[in-house]
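Q: Fold the following and give me the result.
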Amino acid sequence: MTTAAPSFAVLPGAEGSPVVLHVPHSARDIPPSVRAGILLDDEALERELDHITDAHTDRIAAEAAKLSPVAPWRFVNRLSRLVVDPERFPDEREEMLAVGMGAVYTRTTHRAPLRPADADPEPLLDRYFRPYARAMTDAVADRLAAAGRAVIIDVHSYPTQALPYELHGQGPRPPVCLGTDSFHTPPYLLDAARDAFAEFGETGLDSPFGGTYVPLDFYGKDPRVSALMVEIRRDTYMSEPGGPAGTGLGRLAEALAAVVAAAAG
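A: Numbers count the residues shown, from 1 in each chain. I've put the predicted structure just below:
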């Protein structure tokens with residue numbers, strides 16, 4: 001759970017590709033200085049990482065990139081979301097603050113204390129969250145400059161059974177859930193994803209997780225930036241919680257590659 005590696009990686013694709021595969025939650029690494037502020041013992045922390053990590057989604061994205069006729073760019077978080085969650089709003093707009101899971105979590109997936117309730121989030125926001133946000137903003141701006149548009153495809157997974165932290169866990173849990181935004185998700189992209197993932201069964205919409213990730217500089221402002229969130233139910237490709245990947249991973253990578261191809265045009 002320790003690392004000296006950079007906190008994120010921007011992995012180049014084809015120069016003219018507009019697509020950025022964003023993988024924010026696949027890592028388990030926690031720097032020692034951050035680990036010191038977490039209340040869980042080592043065994044409990046490993047269990048929490050099993051539940052909260054979108055395991056193997058970096059592999060799905062990497063395989064999809066290899067299969068894509070026009071290679072997408074990839075932006076991959078190298079640290080656990082228990083360090084910071086780069087997809088949260090960093091302020092009161094974030095609904096997950098209600099369960100202690102804003103940009104810096106204070107509660108676990110089972111709503112137990114993760115950090116002291118009075119822990120100051122600013123050092124982690126300054127060290128990890130804001131540099132990540134700036135780099136993702138730059139990555140999208142680079143695609144706009146190179147291709148005239150940008151398409152962010154978020155790659156996530158979620159457990160078969162709802163966890164206590166989920167605010168909308170009572171809704172449908174299809175094999176693949178597509179998260180959308182009324183401003184940033186064009187119909188062609190949603191249709192391409194539905195077609196690509198149809199072989200896995202029902203493809204749901206915004207349940208149990210909804211919305212998309214767009215850097216705040218572009219969010220709700222720039223229609224040249226499109227976005228779609230792909231949430232994959234974990235039993236389709238791995239043993240839960242936190243177990244190895246299975247044969248479904250390759251098929252999911254092929255489906256994701258088809259979405260990338262449609263997005264690249």
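
Q: you'd agree Leu189 is up against Val225?
A: No. At 11.8 Å, Leu189 does not count as touching Val225 under the criterion of Cβ atoms under 8 Å. Any C-beta I mention is one placed from the backbone N, CA and C, and that applies to glycine too.

Q: So for the two, which sits in the more crowded spot?
A: It is Val225, of Leu189 and Val225, that has more neighbours when counted by other Cβ atoms under 10 Å, with 25 against 20.

Q: How many residues are close by the closest residue in space to that one that isn't next to it in sequence?
A: Nearest in space to Val225, with sequence neighbours left out and distances taken as Cβ to Cβ, 6 or more residues apart in numbering, is Phe218 at 4.5 Å. If you count neighbours by other Cβ under 10 Å, Phe218 ends up with 20.

Q: how close does Phe218 sit to Ala245?
A: Phe218 is 33 Å from Ala245, where distance means Cβ to Cβ, to the nearest Å.

Q: on that earlier part again, three-state assignment of the residue nearest to Val225?
A: Per DSSP: H, G, I helix; E, B strand; the rest coil, the local secondary structure of Phe218 is coil.

Q: Which residues are in contact with it?
A: Taking Cβ atoms under 8 Å, 6 or more residues apart in numbering, we find Phe218 in contact with 137, 140, 150, 225.

Q: which non-adjacent residue is nearest the second one?
A: With sequence-adjacent residues excluded and distances taken as Cβ to Cβ, 6+ apart, Val140 is closest to Ala150, at 4.7 Å.

Q: Quick check, the one you found in contact with His22.
A: No. Taking Cβ under 8 Å as the definition, Ala150 is not a contact partner of His22, at 11.0 Å.

Q: For Leu189 and Val225, list the residues in contact with both.
A: Val151.

Q: which helices and strands does the lowest-mean-pLDDT helix or strand in the chain pack with?
A: In the chain, the helix or strand scored least confidently by mean pLDDT, DSSP states H and E is strand 203-205, which has a mean of 95. If contacts are counted by 3 or more Cβ pairs under 8 Å, 6 or more residues apart in numbering; DSSP states H and E, strand 203-205 sits against strand 176-179.

Q: Next, the residues that contact the helix or strand following the strand it packs on from outside, please.
A: Next helix or strand after strand 176-179 toward the C-terminus (DSSP states H and E): helix 187-196. Here helix 187-196 makes contact (Cβ under 8 Å, 6+ apart) with 151, 176, 178, 180, 203, 226, 228, 230, 255-256, 258-259, 262-263.
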